[in-house]
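> below is the structure, and that's it, no one-letter string:
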């Protein structure tokens, strides 16, 4: 990458060409939010959130959400201080055969 025309350093990668909504979606996902939670927080439908994910995958070259969030952290799109470090939430049911992890809706 060469210097930018303004002399402010290297040209930004095309992958950094994300909309603010995409960045907020990445931040919320980095903090463990699910699609319904992200949709509610951003006042969007779940369908729109999934469309945003597809666009993020395309622009970042990511294969899934975890990969997209990792790329965003490495490239500085999401700062580590914006991420709450916590264990993933899981709900446990107690069927006859013992405890079975179940994803929260």
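Great, that's in hand. Remember, predicted model here, so these are calculated numbers, not experimental data.
> surely residue 84 touches residue 29?
No: Residue 84 lies out of contact with residue 29 (C-beta atoms under 8 Å); the separation is 11.9 Å. (Each C-beta comes from the backbone N, C-alpha and C, glycine too.)
> tell me the mean pLDDT over the helix ranked longest in the chain?
When the chain is parsed with DSSP state H, its longest helix is helix 46-60. In this model, helix 46-60 carries a mean pLDDT of 95.
> check which helices and strands it sits against.
helix 20-30, helix 35-42, helix 65-74 (3 or more C-beta pairs under 8 Å, 6 or more residues apart in numbering; DSSP states H and E).
> now do the buried residues in the last one.
For helix 65-74, a neighbour-count test (16 or more other C-beta atoms under 10 Å) marks 65, 68-69, 71-73 as buried.
> just to revisit the earlier point, tell me the angle of the longest helix of the chain relative to helix 65-74?
Relative orientation of helix 46-60 versus helix 65-74 (axes from the mean of the first three to the mean of the last three C-alpha atoms, to 10 degrees): 50 degrees.
> got the buried residues for helix 46-60?
Buried-residue list, helix 46-60, by 16+ other C-beta under 10 Å: 49, 52-53, 56-57, 59-60.
> in JSON lines: these, plus distance to residue 42.
Below are these laid out as JSON lines (distance: C-beta to C-beta, whole Å):
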{"residue": "49", "distance to residue 42": "7"}
{"residue": "52", "distance to residue 42": "9"}
{"residue": "53", "distance to residue 42": "12"}
{"residue": "56", "distance to residue 42": "13"}
{"residue": "57", "distance to residue 42": "18"}
{"residue": "59", "distance to residue 42": "18"}
{"residue": "60", "distance to residue 42": "19"}
